[in-house]
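Asker: with the sequence up front, the predicted model follows.
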Protein chains: 6
Amino acid sequence: MSARRAPIEYAQAAPEVRAIYDDIMATRGVDWVNDFWKVLAHDPPTLQRIWDNVKRVMGPGALDPLTKELLYTAVSASNGCQYCIASHGAAARARGMTEAQYWELLAIVGLANETNRLVTALGVPVDRRFE
Amino acid sequence: MSARRAPIEYAQAAPEVRAIYDDIMATRGVDWVNDFWKVLAHDPPTLQRIWDNVKRVMGPGALDPLTKELLYTAVSASNGCQYCIASHGAAARARGMTEAQYWELLAIVGLANETNRLVTALGVPVDRRFE
Amino acid sequence: MSARRAPIEYAQAAPEVRAIYDDIMATRGVDWVNDFWKVLAHDPPTLQRIWDNVKRVMGPGALDPLTKELLYTAVSASNGCQYCIASHGAAARARGMTEAQYWELLAIVGLANETNRLVTALGVPVDRRFE
Amino acid sequence: MSARRAPIEYAQAAPEVRAIYDDIMATRGVDWVNDFWKVLAHDPPTLQRIWDNVKRVMGPGALDPLTKELLYTAVSASNGCQYCIASHGAAARARGMTEAQYWELLAIVGLANETNRLVTALGVPVDRRFE
Amino acid sequence: MSARRAPIEYAQAAPEVRAIYDDIMATRGVDWVNDFWKVLAHDPPTLQRIWDNVKRVMGPGALDPLTKELLYTAVSASNGCQYCIASHGAAARARGMTEAQYWELLAIVGLANETNRLVTALGVPVDRRFE
Amino acid sequence: MSARRAPIEYAQAAPEVRAIYDDIMATRGVDWVNDFWKVLAHDPPTLQRIWDNVKRVMGPGALDPLTKELLYTAVSASNGCQYCIASHGAAARARGMTEAQYWELLAIVGLANETNRLVTALGVPVDRRFE
């Protein structure tokens, strides 16, 4: 069994899937849907559920849209998900992320991974002052 | 061999270690040093090296100080480092992070971990439009 | 800033939070709510969103309820989340998981982590027969 | 040094390696060996050891064969091992896993990765009732 | 269900378990068994299997015993397993690891985690010269 | 936004970048620079910082150069970084690592990942004797 599933294009998609594609495009103000969604379309309940989550979490809130995309990109870089770095990195760039900011983001991801291991390996208890 | 090392307090620290503690406090504008550094003090070259890195990466740059701390906190939350969430979360809060922003940050960390796995498991290739 | 948040008990909870607690208890046929939800209650939108997801994903579907809880427990064990092993392990046990089955689950988690690293480190391409 | 090692085919394999290939095929009731084993064949002690483990852990026991393969696939998906998803996914499918079940498995893997991070980041202590 | 299992002491152990404890002590030339094995004793097949693996992998081979324990400690530190750092760190120390070497090991673990993320996030292809 | 950045060759590099390339070659006694550095060259401060770290951590110290490269390779294999396995594996081989030693290293990486999960999932407390 291959792990991969081919994207389902708009023309071939069932009405319920098209409705979600339409909502993705309308919400984002774009005229295309990236392949992550077109692959999830093989299972409409998962497509619907994940889109509901992304719409709620990444929509207007207490953090500004650029910061949200920077955070998503940073976690994705920490987890080594190239696709997610590409897609959320593009969204961050569309909201104003510069190349210099991207490199600082990567530097923070790298350094946090270093110090996270040192802290955990050394079993440093949380300072009272932080409690 | 215990994995833990007791913090080395200022009064007991060697001059080279005290100099680094002083630089940490001066750079941050605070009058105390958290235990991560006091544990690293068991190995002065590591203390010096990690502090040099944190000072360079987290110092003034293209991203504002609050965004930097949010990113550090998010990666630490994704990696499950409680100490790092506490210390960088405190730094973010000192720079203005609200409780509502913190919960949004956690929501992004959780959701990115979910979608990162789906993308990777499904082997979705990066869209041409992102290249 | 402490990373921890105290659970919000039913008596102290706002009406919107109580409604979710009630739904959790009714859906599961139990008379108490575990602390994960009571901590998420600090941010009602996150409480609502995560519960929506758990209800949808862990509700009736193509996999039987025991298998679903075994899978959740296995992923949690692989990720080292003690709380999640305890809560989903309890749910699996309530649906019939035996101690012998639990140990086999742990053995699979351990072995998969071993072979996953060997496969990835050796860069073994997927066999044509699996495509 | 490349991380990759070419598979050692049956015709080129030493007698001790052929004997393991034969045991793999006989145990599984198939007439071919997948490339993971043919790559491990570069180090016969590792090939022997890993096969011994897989045979013991994945052989008859308290969990049925399909559930075992579902668990192996889920952990592999959580760890992002495409090869392992493909090979254990194929084994699960041969034992009856449907496409709908596979998507539910992926949904559980994704959601567990989300809630595992939230629980750990929030430092939720295990409920007394679970102890 | 608690995730924890109490250690099974020698006096309470079944004969098959005592035989494994005896083999562990004899192989290591020590007069006690650490709790990891006493917890695995709840499932004798897992106890037997894991001990077989550790005995084979960590026994005499191409790498010297100290290097083997350093590698085990480093991987455990990278994975954040405090128990494993303590037990394999103690084994490394018994074979000659100094405090200065331990700190260098931790520095390598931290730095590798940093550069691993940078390389993966940036998608650097392997140089021809390394193939 | 693609996650990838093309390597910056020596001929196209700015003087500050060339100086670092020169230092890498001189320090290692080689006449070429691998692509990791040429990609980091897009952000000279990161190139400088990471090289400073690698030079300090991997330079002469308490552990011999071969052991350092074995540790770096093992952590990289545990994290699934193919590029890092290739580059540090090559460095280890140049310092004397044999193919048999490499396979033992991989076996330790695999086994540690297995036992790390078992220990953590079972919540085994650290033995008093290790404290």
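Answerer: Great, that's in hand.

Asker: quick one: is stretch A:70-85 near chain C?
Answerer: No: residues of stretch A:70-85 are not located near chain C by CB under 8 Å from any CB of the partner chain, the shortest gap being 10.7 Å. In short, each C-beta sits where N, CA and C put it, glycine included.

Asker: could I get the average pLDDT for that stretch?
Answerer: Averaging pLDDT along stretch A:70-85 gives 98.

Asker: so how far is that stretch off the chain centroid?
Answerer: Its chain's C-alpha centre and that of stretch A:70-85 lie 7 Å apart, by CA atoms, centre = their mean, to the nearest Å.

Asker: so who does the closest residue in space to A:Val54 that isn't next to it in sequence touch?
Answerer: With sequence-adjacent residues excluded and distances taken as CB to CB, 6 or more residues apart in numbering or on different chains, A:Val54 is closest to B:Leu111, at 6.9 Å. Taking CB atoms under 8 Å, 6 or more residues apart in numbering or on different chains, we find B:Leu111 in contact with A:Asn53, A:Val54, A:Val57, A:Tyr72, D:Glu114.

Asker: show the pLDDT at B:Leu111.
Answerer: In this prediction, B:Leu111 carries a pLDDT score of 98.

Asker: specify the local secondary structure of it.
Answerer: Secondary structure state of B:Leu111, per DSSP: H, G, I helix; E, B strand; the rest coil, is helix.

Asker: got a winner among the contacts of B:Leu111 for most neighbours?
Answerer: A:Tyr72 (27 neighbours; other CB atoms under 10 Å in any protein chain shown).

Asker: got the contact list for that residue?
Answerer: Counted by CB under 8 Å, 6+ apart, A:Tyr72 has contacts A:Met58, A:Cys84, A:His88, A:Ala91, A:Ala92, B:Ile108, B:Leu111, B:Ala112.

Asker: and the closest residue to it other than its chain neighbours, how far is that from A:Asp23?
Answerer: Spatial nearest neighbour of A:Tyr72, excluding adjacent residues (CB to CB, 6+ apart): A:His88 at 4.2 Å. Applying CB to CB, to the nearest Å, the value for A:His88 to A:Asp23 is 19 Å.

Asker: so the two - more neighbours on which side?
Answerer: Using other CB under 10 Å as the criterion, A:His88 and A:Asp23 rank with A:His88 on top: 28 against 14.

Asker: what about that one, helix or strand, and which?
Answerer: Element membership of A:His88, judged by DSSP states H and E, is helix A:82-94.

Asker: how about A:Glu104?
Answerer: helix A:99-122.

Asker: quick one, that helix and helix B:82-94 angle?
Answerer: 140 degrees (axes from the mean of the first three to the mean of the last three CA atoms, to 10 degrees).

Asker: any idea how far helix A:99-122 is from the chain center?
Answerer: With CA atoms, centre = their mean as the basis, the mean position of helix A:99-122 lies at 18 Å from the chain mean.

Asker: what residues of it count as buried?
Answerer: A:101-122 (16 or more other CB atoms under 10 Å in any protein chain shown).

Asker: over to stretch A:124-131?
Answerer: Buried residues in stretch A:124-131 (16+ other CB under 10 Å): A:Val124, A:Val126, A:Asp127, A:Phe130.

Asker: does the closest residue in space to A:Thr98 that isn't next to it in sequence count as helix, strand or coil?
Answerer: Leaving aside its sequence neighbours, A:Thr98 sits nearest to B:Ala62 (CB to CB, 6+ apart; 6.2 Å). With three-state DSSP as the basis, B:Ala62 sits in coil.

Asker: ok, now which ones touch B:Ala62?
Answerer: Counted by CB under 8 Å, 6+ apart, B:Ala62 has contacts A:Thr98, A:Ala100, A:Gln101, A:Trp103, A:Glu104.

Asker: which of those residues sits closest to chain E?
Answerer: A:Trp103 (10.0 Å; CB to the nearest CB).

Asker: can you give me the end-to-end distance of stretch A:33-52?
Answerer: 15 Å (CA to CA, to the nearest Å).

Asker: that one close to chain F?
Answerer: No: figure legend: stretch A:33-52 not in contact with chain F (CB under 8 Å from any CB); closest approach 12.2 Å.

Asker: how far is that stretch from where the chain is centred?
Answerer: 14 Å.

Asker: contact partners of it?
Answerer: A:5-10, A:13-14, A:16-17, A:20-21, A:23-25, A:83, A:87, B:114-115, B:118-119, B:122, B:124-125, B:127, B:129-130, C:52-53, C:56-57, D:99-100, D:103, D:106-107, D:110.

Asker: how about A:Val57, phi and psi?
Answerer: phi -70, psi -40 (degrees, to the nearest 10).

Asker: same question for the one 4 residues further on.
Answerer: Torsion angles at A:Gly61 (phi, psi; degrees, to the nearest 10) stand at phi -170, psi -150.

Asker: what's the closest non-adjacent residue to it?
Answerer: B:Glu104 (5.2 Å).
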